[in-house]
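1. Quick one, fold the following:
(chains A, B, C and D)
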Protein chains: 2
Amino acid sequence: MRDASLAEIRELALFRDIGEATFEALTRSAYHQTFPPQVTLIHQGQSADFFHVVTDGLVELVGNWNGRENTMVVLRPVSTFTLAACMTDAPYLMAARTIEQSRVILIPSSDLRAAFAADTAFALAIAHELANCYRGMVRHAKDMKLRTSRERLAGYILRQSALRGGASRFELPLEKRLLASFLGMTPENLSRALRALRDDGLAIDATHVTIADRAALDRVAHVTPLIDGPEPGAPDR
Amino acid sequence: MRDASLAEIRELALFRDIGEATFEALTRSAYHQTFPPQVTLIHQGQSADFFHVVTDGLVELVGNWNGRENTMVVLRPVSTFTLAACMTDAPYLMAARTIEQSRVILIPSSDLRAAFAADTAFALAIAHELANCYRGMVRHAKDMKLRTSRERLAGYILRQSALRGGASRFELPLEKRLLASFLGMTPENLSRALRALRDDGLAIDATHVTIADRAALDRVAHVTPLIDGPEPGAPDR
DNA sequence: CCCGTCGCTTAACAATTGTCAAGCCGATCG
DNA sequence: CGATCGGCTTGACAATTGTTAAGCGACGGG
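-> Numbers count the residues shown, from 1 in each chain, chains lettered A, B, ... in the order given. Next up is the predicted model:
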């Protein structure tokens, strides 16, 4: 890896408190690679050879089953993936695909496990990361099981607003068909839900979002940290 | 804690490889308590004071939102819960309630974190447990987003069969309304789905399940380890 | 023993969501 | 500049799922 890349990731919560020797061992045989958009990085079912860190761009984790496909997570920088699979040396449960051009660090999973054993600070950071991934997935599952698609969309919009410091106008960060998949609905249904939410203080022109009446929108979404975060450095974008 | 309880949990994967001093520190101020059925052990949103281990009985983790409630996980012995919240000192995302009379070990979360820092073997065990919880929740989310309710039910039945060594006849381990909630549907819809699956080789009389045609049922469920496990000592029952 | 409660089922109906088909629009490219 | 492509929207329709209400049957308490 290049020195510039090393300095960049040394600041991450995952690596900030670890020893120099551990960091050196972790990065020795790591790659920092750039991928074009729409490239499949890993397939579900593959053995967990690498731990991944997205440093630039946008990556989605997708589940496949019986010919169907669904976006489970959208990862914006800086986020990790395949951590649980690497720690347990188990097959990936989800595939990963770049959405935009992205840069990803690949760390051999054996190095990851060695560093975990060798460095207590790193072990703690890993545990925190695993716990946050778990909690992100619990939130997503609650979102799916407790809210209707319209409510999920309203929640998503308010989360995005919160990520931007409460902005009332911003651009949708995802293609709508991708957003629909992430929210567990079809693009057609997303279109309908967007139109329906005009009555609840939401205006969308193409990718431009305007929250006209935040209170009304929250009357639909009932935003709560137990579903919608805060997600300090976490799951969706 | 009583000596009998101590010996019992010392064998668990979580505690098997840890040092005697760590084990002693972890169990010193721990409780092993028995709870009646239908008792709420923790509420969502509470601060994470205790790490929990179910040693007997049956416990459900439930999500609440806006007056709605949903069973996210069903824990059979021996399983843990609240691990992620304790490690990150964050509020519980789900409530926990006994289904049957249950015995639960409660370990102060500060002791848990201290043991993690003090004992590398314990840290590794914790990381594995966290990773397995994460993967269980990913599987559940995939189940929800990729399969219809009928397919989820078929998958659930085949998983239960697998847990019983491939038995073709067994008793439903859960009340149907609870199963319905876990599978993300209403009890009425579960009734319909059960009846519909008679055409696919499934017969259910009250709580007694008979798999008449496993191949036909799997043609609905398309069971795969990437959704249905194996779950060595894991999530649902 | 009877009665009330509770869980389950069924049926009719309503709401939500998915499917299919068509058309629009903006971007890209020859 | 015009053609083509892909993503988005819309509408009509179908399937799935939720809702409401009623009834059945097992269980436990009076």
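2. what packs against whichever strand or helix holds A:Ala21?
-> Using DSSP states H and E, the element containing A:Ala21 is helix A:20-28. Packing partners of helix A:20-28 (3 or more C-beta pairs under 8 Å, 6 or more residues apart in numbering or on different chains; DSSP states H and E): helix A:3-10, helix A:109-118. From N, CA and C alone the C-beta is placed, and that goes for glycine too.
3. Would you mark the buried spots in it?
-> A:Thr22, A:Phe23, A:Ala25, A:Leu26, A:Thr27 (16 or more other C-beta atoms under 10 Å in any protein chain shown).
4. So in terms of bridging, what pairs with the closest residue to A:Gln44 other than its chain neighbours?
-> Computed as C-beta to C-beta, 6 or more residues apart in numbering or on different chains, the closest residue to A:Gln44 that is not its neighbour in sequence is A:Ala95, at 4.7 Å. Applying DSSP bridges to A:Ala95 gives these bridge partners: A:Val62.
5. returning to that earlier point: which of the helices and strands packed on helix A:20-28 sits closest to DNA strand D?
-> When those are compared by C-beta to the nearest atom of the strand, helix A:3-10 sits nearest DNA strand D, at 30.9 Å.
6. quick one on the thing from earlier: how about the buried residues of helix A:20-28 in TSV, adding pLDDT and distance to B:Gly45?
-> Conversion of the buried residues of helix A:20-28 to TSV gives the following (pLDDT from 0 to 100; distance: C-beta to C-beta, whole Å):
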residue	pLDDT	distance to B:Gly45
A:Thr22	96	36
A:Phe23	96	37
A:Ala25	96	41
A:Leu26	96	37
A:Thr27	95	40
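7. need the residues of chain A near DNA strand C, please.
-> Contact residues (C-beta under 7 Å from any atom of the strand) of chain A with DNA strand C: A:Thr148, A:Ser149, A:Arg150, A:Gly184, A:Met185, A:Thr186, A:Glu188, A:Asn189, A:Arg192, A:Ala193, A:Ala206.
8. Closest one to B:Ile126 out of those residues, please.
-> A:Gly184 (31.3 Å; C-beta to C-beta).
9. show me what contacts the residue nearest to A:His43 when sequence neighbours are not counted?
-> Spatial nearest neighbour of A:His43, chain neighbours left out: A:Ala95 (5.1 Å); criterion: C-beta to C-beta, 6+ apart. The contact partners of A:Ala95, taken as C-beta atoms under 8 Å, 6 or more residues apart in numbering or on different chains, are A:Thr40, A:Leu41, A:Ile42, A:His43, A:Gln44, A:Leu61, A:Val62, A:Gly63, A:Asn64.
10. Let's see that with 10 Å instead.
-> A:40-46, A:60-64, A:69, A:72 (C-beta atoms under 10 Å, 6 or more residues apart in numbering or on different chains).
11. Return the members of these classed as buried.
-> A:Leu41, A:Ile42, A:Gln44, A:Glu60, A:Leu61, A:Val62, A:Gly63, A:Asn64, A:Met72.
12. Show me which of those residues is closest to chain B.
-> Ranking the buried ones among the contacts of A:Ala95 by separation from chain B, with C-beta to the nearest C-beta as the measure, puts A:Gly63 on top at 4.3 Å.
13. Give me the nearest residue to that closest one, chain neighbours excluded.
-> A:Gly63 sits nearest to B:Lys142 (C-beta to C-beta, 6+ apart), 4.3 Å away.
14. and the helix or strand hosting the one you found, how far from the chain's centre?
-> Here B:Lys142 sits within helix B:120-146, counting by DSSP H and E. Centroid displacement of helix B:120-146 relative to its chain, using C-alpha atoms, centre = their mean, to the nearest Å, is 11 Å.
15. domains of chain A?
-> A:3-138, A:147-228 (automatic domain parsing).
16. Strands of chain A, start to end?
-> Remark: strands assigned in chain A by DSSP state E are A:31-35, A:40-42, A:50-56, A:59-65, A:68-75, A:79-81, A:95-98, A:102-108, A:169-171, A:202-205, A:208-211.
17. near DNA strand D, anything from the helix holding B:Lys142?
-> No. Using C-beta under 7 Å from any atom of the strand, helix B:120-146 never reaches DNA strand D; the gap is at least 10.1 Å.
18. Can you give me the buried ones in that helix?
-> B:120, B:122-146.
19. just stretch A:3-14 next, same as before
-> A:Ser5, A:Leu6, A:Glu8, A:Ile9, A:Leu12, A:Leu14.
20. Leaving out chain neighbours, which residue sits closest to the residue nearest the centre of chain A?
-> Residue closest to the average C-alpha location in chain A (C-alpha atoms, centre = their mean): A:Leu75, at 2.8 Å. Of all residues not flanking A:Leu75 in the chain, A:Val59 sits nearest, at 4.6 Å (C-beta to C-beta, 6+ apart).
21. A:Ile105 is in contact with the one you found, correct?
-> No. Using C-beta atoms under 10 Å, A:Val59 makes no contact with A:Ile105, being 11.9 Å away.
22. quick one: common contacting residues for those two?
-> By C-beta under 10 Å, 6+ apart, the residues touching both A:Val59 and A:Ile105 are A:His52.
23. which residues are in contact with the worst-scoring helix or strand of chain A on mean pLDDT?
-> Using mean pLDDT, DSSP states H and E, helix A:3-10 stands out as the lowest-scoring helix or strand of chain A, at a mean of 87. The contact list for helix A:3-10, computed with C-beta under 10 Å, 6+ apart, reads A:1-2, A:15-16, A:18, A:20, A:23-24, A:26-27, A:30-32, A:53, A:55-56, A:78, A:103, A:105.
24. Is it possible to mark the buried ones in the residues you listed?
-> Counted by 16+ other C-beta under 10 Å, the contacts of helix A:3-10 give A:1, A:15, A:18, A:23, A:26-27, A:30, A:32, A:53, A:55-56, A:78, A:103, A:105 as buried.
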